[in-house]
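>>> I would like to see how this sequence folds:
(4 chains)
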2 protein chains.
Amino acid sequence: MSDAEYTNIWMRPERPARGPKPAYSRAQITEAAVRIADTEGLEAATMRRIAAEIGAGAMSLYRYVPSRDDLIELMADHLMGEIDLKDVPTGDWRSDLRRYAGQMRATWLRHPWIATANRSLPGYGPNQLQLIEQVMGVLDPLVPIDENLALMAILNGYVEGAAREQVTTAEEVRRSGLTEEEWTGRNYPYLRQLLDSGKYPIFTRIALDARQPRLDRDEQFQHGLERVLDCIEAALPRPAED
Amino acid sequence: MSDAEYTNIWMRPERPARGPKPAYSRAQITEAAVRIADTEGLEAATMRRIAAEIGAGAMSLYRYVPSRDDLIELMADHLMGEIDLKDVPTGDWRSDLRRYAGQMRATWLRHPWIATANRSLPGYGPNQLQLIEQVMGVLDPLVPIDENLALMAILNGYVEGAAREQVTTAEEVRRSGLTEEEWTGRNYPYLRQLLDSGKYPIFTRIALDARQPRLDRDEQFQHGLERVLDCIEAALPRPAED
DNA sequence: CTCCACTGGGTATGCTGTACGCAGAAGTTG
DNA sequence: CAACTTCTGCGTACAGCATACCCAGTGGAG
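Alright, predicted model coming up:
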């Protein structure tokens, strides 16, 4: 009954006013869970495992967090707090957005499990909201709000898509327990079969031509990012000159 | 031992040559699983539930599919088979890509669970590969393969990002078991708290101004898509004229 | 014909998230 | 100070999950 009034993890107060002092905290639990997920994957971050990490009993966590899903939401928002844009906007929208994109991607690569946490995107946690304010504040003086939303959809789509692709294969390698070379080797027979079938000429060109560029994914990302920023620039109203 | 040589669900033959005839098939199982996931969510598509759907015992499924994860991969590739681009490329790259984007988005909206199936993106199943051939075939005559990849990253990022956002909230509504109106109502206190806090001026403008445009998400998507296509056009080498 | 690789499926195991309840600690009120 | 209330951490318990193992029966190969 009293639980039903909190529709949201963000509405539910961490602690009631009265009673004995708690031994742990939401932040402590969230950080422990993130630590486990970073090294062993999100599926390893079970309630029992997290509790063991901080030296608590399994059921103690439920004093702090209503469910595992809510904890994952806390974890996702925690990640958004890692993105540091304190001196944004600087007045140079292009470098501001470049910096945002780079930090977002870096956060994804540091915490690959975020790709499998379904709640990641429309989580309206405080850090996520703060980030929206800062990033959309960059173009806010230049375009109407609807246009800003449309351009952010393109930018975020590119950044997340690129990060997701990279992170998904990385997670698959980690899951297999093999080194990256072993994993590539194990998958080689299938790749060879695809190439030899002759049914996928474009895929074949990708696999063959991209052997070198795959080494520097960072550069690939940067190149695509500049294209997206060009796209945004084209949608901006002209400055005074020209 | 004999299992270890198949690195991949796509390498593993559906049936050995000898023995009694099987009662079911991979395709049948996959379709049943997709049907359940469509109506009740991916988490409802348990091995037992799928088996019950086709009238089999729970363990029988493992004769056809090595694990649930592999089955989900089959399901994801099955979805890509729904996208029909048989007369693509037509020579009009813009309308070809528009059609691809629309069909991809429609597929996502028909099967919202795809957003939570982590394997969806770099699954090299036959339908997925075929789709790559067709879509990248559109720009292949116009740009080098690396550039094609970069442009597809932008297009796919936009389409998937837009679809994912829409689908994630839809799934959250479905999970809650409420109607969309009830769900919106239940979340209203939190929204009001955010607006009243004054800490999120841009978010506030989004929530207030976007009340009308949110009705036609299709139009929003189309508008952003044209922007992305403009971006691609700008990256294309000029045709003979001009 | 015989043989045996295969079939579908029953049973069992070790996980999981989490409901429930309890003994004791700490804050509030006299 | 004492009495009472509220909250604490946590042990136990349970249902549901993927799936390992096993077995009787089947039907194609020789």
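>>> just the buried residues of the longest helix that chain A contains, please?
Longest helix in chain A by number of residues (criterion: DSSP state H): helix A:145-176. By neighbour count on 16 or more other C-beta atoms under 10 Å in any protein chain shown, the buried set for helix A:145-176 is A:145, A:147-168, A:171, A:173-174. For glycine as for every other residue, the C-beta is placed from the backbone atoms N, C-alpha and C.
>>> filter the residues you listed by proximity to chain B?
Contacts with chain B are made by A:145, A:149-151, A:153-154, A:156-162, A:164-165, A:168, A:171 out of the buried residues of helix A:145-176, judged by C-beta under 8 Å from any C-beta of the partner chain.
>>> OK, contacts around the residue most central in space within chain A?
Residue closest to the average C-alpha location in chain A (C-alpha atoms, centre = their mean): A:Trp108, at 4.2 Å. Shown in contact with A:Trp108 (C-beta atoms under 8 Å, 6 or more residues apart in numbering or on different chains): A:Ile114, A:Ala115, A:Glu160, A:Ala163, A:Arg164, A:Val167.
>>> hmm, 10 Å instead?
For A:Trp108, the contacting residues are A:Leu79, A:Ile114, A:Ala115, A:Ser120, A:Val159, A:Glu160, A:Ala162, A:Ala163, A:Arg164, A:Gln166, A:Val167, by C-beta atoms under 10 Å, 6 or more residues apart in numbering or on different chains.
>>> just give me the least confident of those residues.
Within the contacts of A:Trp108, A:Ser120 has the lowest pLDDT, namely 49.
>>> switch the contacts of A:Trp108 over to a markdown table; also include distance to A:Glu14.
Formatted as a markdown table, the contacts of A:Trp108 follow (distance: C-beta to C-beta, whole Å):
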| residue | distance to A:Glu14 |
| --- | --- |
| A:Leu79 | 19 |
| A:Ile114 | 23 |
| A:Ala115 | 28 |
| A:Ser120 | 22 |
| A:Val159 | 31 |
| A:Glu160 | 29 |
| A:Ala162 | 35 |
| A:Ala163 | 30 |
| A:Arg164 | 31 |
| A:Gln166 | 35 |
| A:Val167 | 30 |
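>>> so what's the residue count around A:Gly125?
Around A:Gly125 there are 21 other residues, counting by other C-beta atoms under 10 Å in any protein chain shown.
>>> name the nearest residue to the residue nearest to the centre of chain A, sequence neighbours excluded.
Distance criterion C-beta to C-beta, 6 or more residues apart in numbering or on different chains; nearest residue to A:Trp108, sequence neighbours excluded, is A:Ala163 at 3.7 Å.
>>> surely the one you found is in contact with A:Phe221?
Yes. Counting by C-beta atoms under 10 Å, A:Ala163 does reach A:Phe221; the two are 8.4 Å apart.
>>> shared neighbours, these two?
Common neighbours of A:Ala163 and A:Phe221, counting by C-beta under 10 Å, 6+ apart, are A:Ala101, A:Arg105.
>>> any low-confidence regions in chain A?
A:1-5, A:16-17, A:119-122, A:210-215, A:239-242 (pLDDT under 70).
>>> which positions in it make contact with DNA strand C?
A:17-21, A:46-49, A:58-59, A:62, A:67-69 (C-beta under 7 Å from any atom of the strand).
>>> re the thing from before, okay, buried residues for the helix or strand just after the longest helix of chain A please.
Proceeding N to C from helix A:145-176, the next assigned helix or strand is helix A:180-197, under DSSP states H and E. Buried residues in helix A:180-197, defined by neighbour count with 16+ other C-beta under 10 Å: A:Trp183, A:Asn187, A:Tyr190, A:Leu191, A:Leu194.
>>> what sits against A:Asp230?
A:Asp230 sits next to A:Arg94, B:Cys231, B:Ala234, B:Ala235 when contact means C-beta under 10 Å, 6+ apart.
>>> and the residue lying closest to A:Ala153 once chain neighbours are set aside, how many neighbours?
Leaving aside its chain neighbours, A:Ala153 sits nearest to B:Gly224 (5.4 Å; criterion: C-beta to C-beta, 6+ apart). B:Gly224 has 22 neighbours, counted by other C-beta under 10 Å.
>>> show me what from chain A comes close to DNA strand D.
Close to DNA strand D, as judged by C-beta under 7 Å from any atom of the strand, chain A has residues A:15-20, A:22-24, A:51, A:55-60, A:62-64.
>>> rewinding a little: distance to B:Gly41 added to the buried residues of helix A:180-197, as CSV?
Output for these, formatted as CSV (distance: C-beta to C-beta, whole Å):
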residue, distance to B:Gly41
A:Trp183, 31
A:Asn187, 31
A:Tyr190, 31
A:Leu191, 34
A:Leu194, 33
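>>> and the two most separated of these?
Using C-beta to C-beta, the pair of the buried residues of helix A:180-197 lying farthest apart is A:Trp183 and A:Leu194, separated by 16.7 Å.
>>> check the secondary structure at A:Tyr24 for me.
coil (DSSP: H, G, I helix; E, B strand; the rest coil).
>>> the nearest residue to A:Ile50 once chain neighbours are set aside: helix or strand, and which one exactly?
The shortest distance from A:Ile50 to any non-neighbouring residue, by C-beta to C-beta, 6+ apart, is to A:Ala33 (4.9 Å). Assigned by DSSP H and E, A:Ala33 belongs to helix A:26-40.
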